[in-house]
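Colleague: Give me coordinates for this.
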Amino acid sequence: MGKITLKRWLQIGAGLLIVVLAVGLYRAKSDAARTENEVHRLNGEIAEREARVRELRADIAEQESPARIEQLNADRLGHVVGSESAALPENQIANRLPAPQPEEQTGRE
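Modeller: Numbering: from 1, shown residues only. Next up is the predicted model:
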């Protein structure tokens, strides 16, 4: 009778061990699936942010383009690229670039 009882207890213990291992495996798989979903979500978010960064860089490149800056310069300041090197008539030089005025010197000793 002792051998049968011991054998029965070993079978019950083995059955419990199998149940515990099965539950652990199920939890590990569900945790892995949850983690995989989180990784996919984060990868999607990274892709969206990288696309936004590319858009912003393209916008910066457009804003900094020499053609746009020249156009803004002409529209807002009235300067045209290359006009600075154009020769002024002699009577206009004083209006454009007045001669420096001498500063009054204070007594230095």
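Colleague: Now for Arg57, how many residues are close by?
Modeller: 10 (other C-beta atoms under 10 Å). C-beta coordinates here come from the backbone N, C-alpha and C atoms, glycine included.
Colleague: Tell me the spacing between the residue most central in space within the chain and Pro102.
Modeller: Geometric centre of the chain, nearest residue: Val53, 5.0 Å, by C-alpha atoms, centre = their mean. Separation of Val53 from Pro102 (C-beta to C-beta, to the nearest Å): 56 Å.
Colleague: ok now the helix ranked longest in the chain, how far from the chain's centre?
Modeller: Longest helix in the chain by number of residues (criterion: DSSP state H): helix 2-63. Helix 2-63 sits 28 Å away from the centroid of its parent chain (C-alpha atoms, centre = their mean, to the nearest Å).
Colleague: Report the rounded mean pLDDT for that helix.
Modeller: Average pLDDT, helix 2-63: 95.
Colleague: and His74, how many neighbours?
Modeller: You called it His, but residue 74 is Ala. Ala74: 13 surrounding residues under other C-beta under 10 Å.
Colleague: Go ahead and confirm it touches Ala67.
Modeller: No. Assessed by C-beta atoms under 8 Å, Ala74 is found out of contact with Ala67, at 10.8 Å.
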